[in-house]
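# Sequence and computational prediction follow.
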Amino acid sequence: MTTATQVTPGWLDWYHGPSTPQFVLPEGTVDAHCHVFGPAARFPYAPERKYTPTDASKDDLFALRDHLGVSRNVIVQATCHGADNSAMVDALQAAGGRARGVATVRPDVPEAELRRLHDAGVRGVRFNFVRRLVDAAPTDALATIARRIAPLGWHVVIYFEAADLAELAPFFASLPTPLVVDHMGRPDVAQPVDGPQFARFLRFVEANDVWVKVSCPERLSATGPRALDGERRPYRDVVPFARTVVEEFGDRVLWGTDWPHPNLTDHMPDDGLLVDYVPQIATTADQQRRLLVDNPMRLYWPGEDA
Ligand code: 0GY
């Protein structure tokens, strides 16, 4: 275990004092992709991590939740905490039933630990294939994890770059649980929305038991957060991609802020502006309700009212 907390050089801190969105989120909105980092003094970062973030505590997350008008959070274990889920579980326990978690576990995780995570609110595990974030994990170890969590009714969250989908798809299709794709599979939005790369992704979603997070325009965009004609319409080069997914798979889409936005080097998004991105990609009240409330409730709080 390490206690070194020297933040990665060039690291951008999360956006303090986010604006108030113009778009009013529907009652019961779930932020289905966010993280907590540390605080390192209590929850040290993992020795094998690829970056050291600034702390982003559960209290900071809950303050953002309330500011944006979000009701619930899904807190995804970040790679900087490795397979030590303590900070995430601590946040779940403090959330009073208003948060669920996605954990990182090893293939030999004890059964009792899986049960403890479930009781705390964990409903999935994350497999990360982004090379700058993790060392490659053998797929047979990941398959073992998937087999072990399937009886709990959990799902597998997968994070990969679009260029790697062709190679990974057979493995994904072999997994026994539903899959949740982070950030639309990270398309290259300089390519056409009807081009072969995104078509492959859409076929993958169509053919499998897959949910898609239409999150992280700030990671994918070249046009960036600039307003259009003075309006709060940011990240417009990503809009056609996300809108296509929302229109084609309206019952299997999820939205999240990705707060506190690790590993961004050019700009740190204003989370209020990220909320104003939503009506660009989900253009009707029905699409918005399914994206923000009904779908995440079905996946993370089945049987509960929003
Ligand atoms: C994200 C994206 C990133 C990082 C992580 O767990 C992580 O470290 O997910 C990234 O750097 O693209 O979802 O937060």
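On my side now, so go ahead.
# Tell me where the stretch 201-306 of the chain has strands.
210-213, 253-254 (DSSP state E, counting those that start in this stretch).
# out of the ones you listed, nearest to the ligand?
Closest to the ligand of the strands of the stretch 201-306 of the chain, according to Cβ to the nearest ligand atom: strand 210-213, at 8.8 Å. Yep, even glycine has a C-beta here, placed from its N, CA and C like the rest.
# Can you show me the helices along the stretch 201-306 of the chain?
217-220, 239-248, 271-281, 285-289, 295-300 (DSSP state H, counting those that start in this stretch).
# Up against the ligand, what does the stretch 201-306 of the chain have?
Contact residues (Cβ under 6 Å from any ligand atom) of the stretch 201-306 of the chain with the ligand: 219, 258, 262, 263.
# What is the nearest of the residues you listed to the ligand?
Looking across these and measuring by Cβ to the nearest ligand atom, the closest to the ligand is residue 263, at 3.5 Å.
# Tell me, how many residues neighbour the closest one?
Close neighbours of residue 263, defined as other Cβ atoms under 10 Å, add up to 18.
# Show the contacting residues for it.
51, 132, 133 (Cβ atoms under 8 Å, 6 or more residues apart in numbering).
# Retrieve the pLDDT associated with it.
With respect to pLDDT, residue 263 has a value of 97.
# do the one 4 residues further on as well
If you check residue 267, the pLDDT there is 91.
# I'd like to know which of the strands of the stretch 201-306 of the chain lies nearest to residue 46.
Residue 46 lies closest to strand 210-213 among those, at 23.5 Å (Cβ to Cβ).
# who does the closest one pair up with?
strand 179-181 (parallel), strand 253-254 (parallel) (DSSP bridges).
# So for residue 290, which of the ones you listed sits nearest?
Using Cβ to Cβ, the nearest of the strands paired with strand 210-213 to residue 290 is strand 253-254, at 7.3 Å.
# Tell me where the stretch 1-150 of the chain has strands.
30-34, 72-76, 99-103, 122-128.
# so does the second one get close to the ligand?
No. Contact between strand 72-76 and the ligand, assessed by Cβ under 6 Å from any ligand atom, is absent, since the two come no nearer than 6.7 Å.
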